[in-house]
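Participant: Predicted coordinates and the sequence they were generated for:
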Amino acid sequence: MRTKPTARKLTALASMVAAAAMTAVTALTASPAGASTGPLAKPRIAAHFDLARGQMPENIALEPDGTADVTFAAARQVAAVSMAGTTRVLATLPAPADGGVHTPVLGFALTTGIARAHDGTLYFLYATGTSDLTGLWRLRPGGTPQRIAALPADGLPNGLVLDEHRGRLHVADSVLGKIYTVPTKGSTGSEPATWSAAPELAATGFLGVNGLKIHGNALWATNLDRGTVLRIPFGPGGGPGPVRTRATDLTGIDDFAFTGRGDEILAALNGPNTVVRIRRDGTSSTVLTAADGLQNPTSVALRHGTLYVLSAAYTTSTDPNLLLGPASIGRSRK
């Protein structure tokens, strides 16, 4: 029998997601993120989501027309959100028989990373703590969701990035501290191929490797526990080169996006409730805060002059939302 979680239970479960970052209040106060660059030009909340229904947006992929495809963590859903704020649920994944209580660290089933192919196919991750559902899922336009690769039930698949050139996806496991590769056609093997298990990916108590992006012939990753941004170059045959730490002391860092100006990054800091600009030299400055509407931001994206920021309200428990702002956010001001 499946039971629908109560609003109180969802709030309690969600609070666990950002617990590690929120324990670092002292570190946040002393964070080198620096002062805000100043008020931004007209950031706005484009969509408000329903916390009681588990609509905590975790990750984002953009369509050509600007529609945001998002995962709703506790609702086990993938949805399309227009720039006007209209939300359309594309898929709801089956609930695990045990309700998800055996999902590592968090104790509830959740949808996490999402990526979009040029033909509109969506790939996304589902963590349930059970071997029959945990894994990489695919949704073709007009189709139904299908699991195309199993992932370890004792892990937490979280970050996801698509490498269409090589025909594969990279998956970050935040509990096991690994990055896997899976062919875009799927895999029937019982164990995914481990691309990297470098020590820099490991958790130190809560969640380790998190967001993933491909940039400059390298795979870039964040580590939430360690507050770091990592660069792993692609070596011969697409294997991993040596890990290099590009930025540190980023309390509660979640997902991120490149601005298009070299290696400059915009990153969501979940617990601190900010978005920061990270420069090539690793220094950073705050460009958005709770005053702009952030509620535990989880991911950012940039497209055609617009910045997208998802907030899951994991610990604020108030207003999960989608914020839109100018793509010039984070540029140095004269």
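Facilitator: Nice, thanks for sending it over.
Participant: who does Ile232 bridge with?
Facilitator: The partner list for Ile232 in beta bridges (DSSP bridges) reads Leu219.
Participant: Phe72 versus that one, what's the distance?
Facilitator: From Ile232 across to Phe72, the span is 30 Å (C-beta to C-beta, to the nearest Å). For glycine as for every other residue, the C-beta is placed from the backbone atoms N, C-alpha and C.
Participant: and the closest residue in space to His102 that isn't next to it in sequence, how many neighbours?
Facilitator: In space, and not counting its chain neighbours, His102 is closest to Gly129: 3.4 Å by C-beta to C-beta, 6 or more residues apart in numbering. By other C-beta atoms under 10 Å, 23 other residues sit near Gly129.
Participant: Now that Gly129 has come up, it's in contact with Ala97, right?
Facilitator: No. Contact criterion C-beta atoms under 8 Å: Gly129 and Ala97 do not qualify, at 10.8 Å.
Participant: now the helices: where do they sit in the stretch 201-334 of the chain?
Facilitator: Counting by DSSP state H, counting those that start in this stretch, the stretch 201-334 of the chain has no helices to list.
Participant: Could you report the neighbour count for Gly282?
Facilitator: Gly282 sits with 16 neighbouring residues when counted by other C-beta under 10 Å.
Participant: Quick check: phi and psi at it.
Facilitator: With angles defined as degrees, to the nearest 10, Gly282 sits at phi 90, psi -10.
Participant: what sits against it?
Facilitator: 229, 246-248 (C-beta atoms under 8 Å, 6 or more residues apart in numbering).
Participant: hmm, back to that, would you mind stating the distance between the residue nearest to His102 and Leu93?
Facilitator: 14 Å.
Participant: what's the spacing between Thr315 and Arg277?
Facilitator: 23 Å.
Participant: So between these two, which is more surrounded?
Facilitator: In this view Thr315 and Arg277 are compared by other C-beta under 10 Å, and Arg277 has more residues nearby, 23 against 20.
Participant: correct me, but that one touches Ser284?
Facilitator: Yes. Under the criterion of C-beta under 8 Å, Arg277 makes contact with Ser284 at 6.3 Å.
Participant: Without its sequence neighbours, what residue ends up closest to Ala150?
Facilitator: Closest to Ala150 by C-beta to C-beta, 6+ apart is Gly135, at 4.5 Å.
Participant: Count the neighbours of the one you found for me.
Facilitator: Neighbours of Gly135 (other C-beta under 10 Å): 23.
Participant: What of Leu302?
Facilitator: The tally of other residues near Leu302 (other C-beta under 10 Å) stands at 16.
Participant: For it, give the beta-bridge partners.
Facilitator: Beta-bridge pairing for Leu302 (DSSP bridges): Leu307.
Participant: going forward can the numbers begin at 67, since that is how I track them
Facilitator: Taking 67 as the first residue, the last one we looked at is Leu368.
Participant: list the contacts for it?
Facilitator: Contact analysis of Leu368 by C-beta under 8 Å, 6+ apart lists 323-326, 332, 374, 393.
Participant: Any idea which of these the model trusts least?
Facilitator: Least confident entry in the contacts of Leu368, by pLDDT: Ala393, with 82.
Participant: out of everything not next to it in sequence, what's closest to His295?
Facilitator: Heads up, residue 295 is Val, not His. For Val295, ignoring the flanking residues on the chain, the nearest one in space by C-beta to C-beta, 6+ apart is Ala313 at 4.0 Å.
Participant: okay, that neighbour: pLDDT?
Facilitator: Confidence at Ala313, expressed as pLDDT, is 98.
Participant: what's around it, how many residues?
Facilitator: 25.
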